[in-house]
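> based on what follows, work out the 3D shape:
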Amino acid sequence: QLQLVESGGGLVQPGGSLRLSCVASGGSLNNYAIGWFRQVPGKERESVSCIVISDGMTYYDESVKGRFHISRDKAKNTVYLQMNSLNQADTGIYYCAADFMPTVEYMCAANEYDYWGQGTQVTASS
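The predicted model follows:
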């Protein structure tokens, strides 16, 4: 069974940067898409960015385009989310998740994802 562990969250001033990591164990990620999702109290979990491991196809939510960059290291079974120019609206718990045999049409739809990490808190505040 695939297990995912996130790290890299923290408190940063507006305009600052963080890099999140999602390390997978229990299997290869070759047949998966990995997504980053954000949860804020009282709101539904929303997609931030996703990547198909095999070919590197990516998706970004409009709110993070140009500021966030998702990448993968196949040898390390790890996916990263580089977050720049952070603002208060980016605050929340960030979860990484894995979708087995992803389809292009739904590659960043949360309900398609089968395995989830425990989450890491990101706070952008002065």
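> other SSEs contacting the host helix or strand of Cys22?
Using DSSP states H and E, Cys22 sits within strand 18-25. Judged by 3 or more Cβ pairs under 8 Å, 6 or more residues apart in numbering; DSSP states H and E, strand 18-25 is in contact with strand 3-7, strand 32-39, strand 78-83, strand 92-100, strand 120-124. For every residue, glycine as well, the C-beta is placed using N, CA and C.
> what's next to the longest one, contact-wise?
This points to strand 92-100. Applying Cβ atoms under 8 Å, 6 or more residues apart in numbering, the contact partners of strand 92-100 are 2, 4, 6, 9, 20, 22, 24, 29, 31-40, 45, 48, 50, 79, 81, 107, 110, 112-122.
> ChimeraX command to pick out the buried ones of those?
Buried members of those, defined by 16 or more other Cβ atoms under 10 Å, are picked up in ChimeraX with:
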select :2,4,6,9,20,22,24,29,32,33,34,35,36,37,38,45,48,50,79,81,107,110,112,113,115,116,117,119,120,122
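> re earlier: let's have the helices and strands packed on strand 18-25 in JSON lines, adding distance to Gly16 and mean pLDDT.
Below are the helices and strands packed on strand 18-25 laid out as JSON lines (distance: least, Cβ to Cβ, whole Å; pLDDT from 0 to 100):
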{"stretch": "strand 3-7", "distance to Gly16": "17", "mean pLDDT": "98"}
{"stretch": "strand 32-39", "distance to Gly16": "17", "mean pLDDT": "98"}
{"stretch": "strand 78-83", "distance to Gly16": "9", "mean pLDDT": "98"}
{"stretch": "strand 92-100", "distance to Gly16": "15", "mean pLDDT": "97"}
{"stretch": "strand 120-124", "distance to Gly16": "7", "mean pLDDT": "98"}
